[in-house]
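Visitor: Sequence first, then the predicted structure:
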Amino acid sequence: MHLLERLLLCCAAVAVAPTASATVLVSNIGEPRRATTTIDGGFWAAQGFFNDGSASTLTSIRTVLGDATGIPNAFAELRQGSTLGAVVASFALPSLAGPSSARTLAPLGVVSLAPNETYYLIMGINGPGSFGWSYAEGNAFIGTGGFVNYEYSTDQGVSWVNFGGDNPYLLEVNVMAGAVPEPAAWLLMIAGLGATGAAMRKRRARLRFAF
């Protein structure tokens, strides 16, 4: 097998490599429930967690939600940094009707988590209505990451007040090891595959004409 062919096969293997299985970065979802916070247009909440020492890709977040009143225009977003800085992800929300239960938030796009970085999941509502977000009894959790403080905002996220770290919101953060390549990296790899294929076709054509 020629060098170009080997390179092509290696790049193709990287491109179609099976997705790594998800692992739990941090979770207290199985802990007893202490109480439930009512989230509405005038009261938002945020629960912080931190990544371990490895880059990872967020696959989903599970948390305990429900007890909706009206048809709330609810949202969930992920902000990076201990100061609740830039928004790095938004989520597709399930129905919040019915009693509170563990529900899955799916990120809208690829979300890479930096090593040893703090993130906050923010739950809020724009407009009327409300829903409940439940928190734990105690501080036990599993995973290679951990929880930090929870915070509240009464001005729709303009400012936040730190309420400490005891009895965090019930949360499970699921990740895959490693960061997903940036779109530019994929484009470069695809361009490289195309150039390699073209070179191989030209070489084969020269060999045919040589005979």
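Guide: Received the coordinates, thanks.

Visitor: can you map out the helices along this protein?
Guide: Listed from the start of the chain, the chain has helices (DSSP state H) covering 3-15, 183-210.

Visitor: residue nearest the centroid of this protein?
Guide: For the chain, the residue lying nearest the average C-alpha position, counting by C-alpha atoms, centre = their mean, turns out to be residue 58 (3.2 Å).

Visitor: thinking again about what came up before, now the weakest link among the helices of the chain, please, by mean pLDDT.
Guide: Here the lowest mean pLDDT among these goes to helix 3-15, at a mean of 42.

Visitor: residues near the residue lying closest to residue 107 once chain neighbours are set aside, how many?
Guide: Once its chain neighbours are removed from consideration, residue 107 has its nearest residue in residue 89; the separation is 4.8 Å (C-beta to C-beta, 6 or more residues apart in numbering). In this view, the C-beta of every residue, glycine as well, is placed from N, C-alpha and C. Using other C-beta atoms under 10 Å, residue 89 has 21 neighbouring residues.

Visitor: partner residues bridging residue 89?
Guide: Each beta-bridge partner of residue 89 is listed here, defined by DSSP bridges: residue 78.

Visitor: In contact with it, which residues?
Guide: By C-beta atoms under 8 Å, 6 or more residues apart in numbering, the contact set of residue 89 is 58, 77, 78, 107, 108, 109, 111.

Visitor: for residue 143, same thing?
Guide: Contact analysis of residue 143 by C-beta under 8 Å, 6+ apart lists 24, 25, 26, 27, 173.

Visitor: Check the contact between residue 28 and residue 145; I expect there is one.
Guide: No. Distance between residue 28 and residue 145: 11.5 Å, which falls outside the contact criterion (C-beta atoms under 8 Å).

Visitor: Show me which of these two is the more surrounded one.
Guide: Relative neighbour count places residue 145 above the other of residue 28 and residue 145, with 25 against 22, counting by other C-beta under 10 Å.

Visitor: re earlier: want to throw the contacts of residue 89 into JSON lines with distance to residue 167?
Guide: Listed next are the contacts of residue 89 as JSON lines, based on distance: C-beta to C-beta, whole Å:
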{"residue": "58", "distance to residue 167": "24"}
{"residue": "77", "distance to residue 167": "23"}
{"residue": "78", "distance to residue 167": "21"}
{"residue": "107", "distance to residue 167": "26"}
{"residue": "108", "distance to residue 167": "29"}
{"residue": "109", "distance to residue 167": "31"}
{"residue": "111", "distance to residue 167": "26"}
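
Visitor: Residue 126: which of those residues is nearest?
Guide: For the contacts of residue 89, the residue nearest residue 126 by C-beta to C-beta is residue 77; the value is 11.6 Å.

Visitor: What about that closest one, how many residues nearby?
Guide: A count of neighbours around residue 77, defined by other C-beta under 10 Å, yields 19.
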